[in-house]
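> Got a sequence here, can you build the structure:
(chains A, B and C)
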Amino acid sequence: MKSRSDLSKMGKIEVVVSGSDAPAVREVFKAVGVTGFTSVSGVSGLGHGGYHQGRLLFNDQATLEMLITVVPEEKIDSLLAGLRPLLEESSGVMFLSDTYVSRPDYFT
Amino acid sequence: MKSRSDLSKMGKIEVVVSGSDAPAVREVFKAVGVTGFTSVSGVSGLGHGGYHQGRLLFNDQATLEMLITVVPEEKIDSLLAGLRPLLEESSGVMFLSDTYVSRPDYFT
Amino acid sequence: MKSRSDLSKMGKIEVVVSGSDAPAVREVFKAVGVTGFTSVSGVSGLGHGGYHQGRLLFNDQATLEMLITVVPEEKIDSLLAGLRPLLEESSGVMFLSDTYVSRPDYFT
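Down below sits the predicted model:
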């Protein structure tokens, strides 16, 4: 396999928040120096907090936005630190996964 | 890097099914004790089965739904077991990936 | 954990491009022998190139499409090779991640 060796390992961060919290997420991205992101609309979800608190029935889905960004390892900590307080106040969730890109300069 | 050590490793399961099969997927999530999920609409796809069977032209895309959930390792087996028969009957697909979250209690 | 051992490791490739470049991405998928893919509309984004070049304000998002495909390891190199020139001309991005599937024959 030469695939992986041609590529650079990065962190992919996916954030799912209510539409009203999305601008604050983008502000964190900007503050941390994220060079780009993808935003998916038409997203609904059963929030983890919501389900636990019994506020929502299982099929009662809130309108959400998913924001995806890919950053080099050295930006992950500050991005997570910036997002954490935001997600604690809201019912948003965040996932970090490993991913590989062919043009790391696009993301730094 | 302290990023990963602050986080908990989980399994992210992405399921892509026809809109009519999505409620059955949500039922499996609920039965297994999934605490939340994200659902993406506006998804189309060229099903793997469909292309193989020659029923669809390559640009003839069906309307689908993508459901994403993140669960602790100990729930992965039962979730996969619950989804497998459903996906075998339909033309859906399922991917399991490693992911990391900052608040594991949200997902258990 | 028996989860992982029941599953086959594959490469998940996510491509985010402008809607007008999406057909060319699907052509590459077809040429490489991809057996299926998922396409997400309702995607906007702040392109990495765009932000760097100052052509877009941070909240000025372009309409994009995200295409997701899962392929066996031996197809990754040719898929990346086919997509690279396309992405270099456009402002698209591509991520490769490890994923696991239960029915590898669907993807080969």
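> make it CA atoms for all contacts and neighbour counts henceforth
Fine.
> Name the residues of chain A found near chain C, please.
A:1-3, A:30, A:35-42, A:98-102, A:106-107 (CA under 8 Å from any CA of the partner chain).
> Please repeat the previous calculation with a cut-off of 6 Å.
A:Ser3, A:Thr35, A:Gly36, A:Phe37, A:Thr38, A:Ser39, A:Val40, A:Ser41, A:Thr99, A:Tyr100, A:Val101, A:Tyr106 (CA under 6 Å from any CA of the partner chain).
> Show the low-confidence segments of chain A, by residue range.
Scanning chain A with the threshold set as pLDDT under 70 gives A:1-5, A:47-62.
> which residues in it form helices?
If DSSP state H is used as the criterion, the helices of chain A fall at A:3-6, A:22-32, A:48-52, A:73-89.
> Need the max-distance pair from the residues of chain A next to chain C.
Within the residues of chain A next to chain C, A:Ser3 and A:Ser41 form the most distant pair, 31.4 Å apart (CA to CA).
> Residue numbers of chain A in contact with chain B?
Contact residues (CA under 6 Å from any CA) of chain A with chain B: A:Gly42, A:Val43, A:Ser44, A:Gly45, A:Leu46, A:Gly47, A:His48, A:Asp77, A:Phe95, A:Leu96, A:Ser97.
> For the second one, give its distance to C:Val16.
Using CA to CA, to the nearest Å, we find A:Val43 at a distance of 17 Å from C:Val16.
> These two: which has the busier surroundings?
Set side by side, A:Val43 and C:Val16 give different neighbour counts by other CA atoms under 10 Å in any protein chain shown, the larger being at C:Val16 (27 against 23).
> show me what contacts that one?
Shown in contact with C:Val16 (CA atoms under 6 Å, 6 or more residues apart in numbering or on different chains): C:Glu65, C:Met66, C:Gly92, C:Val93.
> Can you flag which of the residues you listed belong to strands?
Secondary-structure check on these using DSSP state E: residues within strands are C:Glu65, C:Met66, C:Val93.
> Now do the first one: how many residues are near it, please.
Think C:Glu65. Burial of C:Glu65 is recorded as 24 neighbouring residues (other CA under 10 Å).
> Run through the bridge partners of it.
According to DSSP bridges, C:Val17 are recorded as the beta-bridge partners of C:Glu65.
> Would you mind confirming that A:Gly40 is in contact with C:Leu46?
In this structure residue A:40 is Val, not Gly. No. In this structure, A:Val40 is not within contact of C:Leu46 by CA atoms under 6 Å, at 11.8 Å.
> Distance-wise, check A:Val17 relative to B:Tyr106.
When distances are taken as CA to CA, A:Val17 and B:Tyr106 turn out to be 14 Å apart.
> can you check A:Ser97 too?
When distances are taken as CA to CA, A:Ser97 and B:Tyr106 turn out to be 17 Å apart.
> The two: who's more crowded?
Regarding A:Ser97 and B:Tyr106, a neighbour count based on other CA under 10 Å identifies A:Ser97 as having more, with 21 against 18.
> so what's the nearest residue to the more buried one once chain neighbours are set aside up against?
Among residues not flanking A:Ser97 along the chain, B:Thr99 sits closest, at 4.7 Å (CA to CA, 6 or more residues apart in numbering or on different chains). B:Thr99 is in contact with A:Leu96, A:Ser97, B:Lys9, B:Met10, B:Gly11, counting by CA under 6 Å, 6+ apart.
> What about the residues you listed, which one has the most neighbours?
The most crowded member of those is A:Leu96, carrying 26 neighbours; neighbours defined as other CA under 10 Å.
> right, and that one touches B:Ser102 too?
No. Using CA under 6 Å as the test, A:Leu96 is too far from B:Ser102 to be in contact (8.8 Å).
> Roughly how far does the nearest residue to A:Pro72 once chain neighbours are set aside sit from chain B?
Of all residues beyond its chain neighbours, the one nearest A:Pro72 is A:Met10 (4.8 Å), with distances taken as CA to CA, 6+ apart. Here the distance between A:Met10 and chain B works out to 12 Å (CA to the nearest CA, to the nearest Å).
> A:Met10 pairs with what?
Each beta-bridge partner of A:Met10 is listed here: A:Thr99, as defined by DSSP bridges.
> Name the residues of stretch A:99-108 that are buried.
Neighbour counts using 16 or more other CA atoms under 10 Å in any protein chain shown place A:Thr99, A:Tyr100, A:Val101, A:Ser102, A:Arg103, A:Tyr106, A:Phe107, A:Thr108 of stretch A:99-108 among the buried residues.
> ditto for stretch A:79-86
By neighbour count on 16+ other CA under 10 Å, the buried set for stretch A:79-86 is A:Leu79, A:Leu80, A:Gly82, A:Leu83, A:Arg84, A:Leu86.
> could you dump that stretch to PDB, C-alpha only?
Output for stretch A:79-86, consisting of C-alpha atoms alone and laid out as PDB, is shown next (Å, rounded to 0.1, in the frame of the first residue of the first chain):
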ATOM      1  CA  LEU A  79     -10.200  23.300  18.900                       C
ATOM      2  CA  LEU A  80     -11.500  20.900  21.500                       C
ATOM      3  CA  ALA A  81     -10.800  23.400  24.300                       C
ATOM      4  CA  GLY A  82     -12.800  26.000  22.400                       C
ATOM      5  CA  LEU A  83     -15.700  23.800  21.600                       C
ATOM      6  CA  ARG A  84     -16.100  22.100  25.000                       C
ATOM      7  CA  PRO A  85     -17.700  25.000  26.900                       C
ATOM      8  CA  LEU A  86     -20.100  25.700  24.000                       C
END
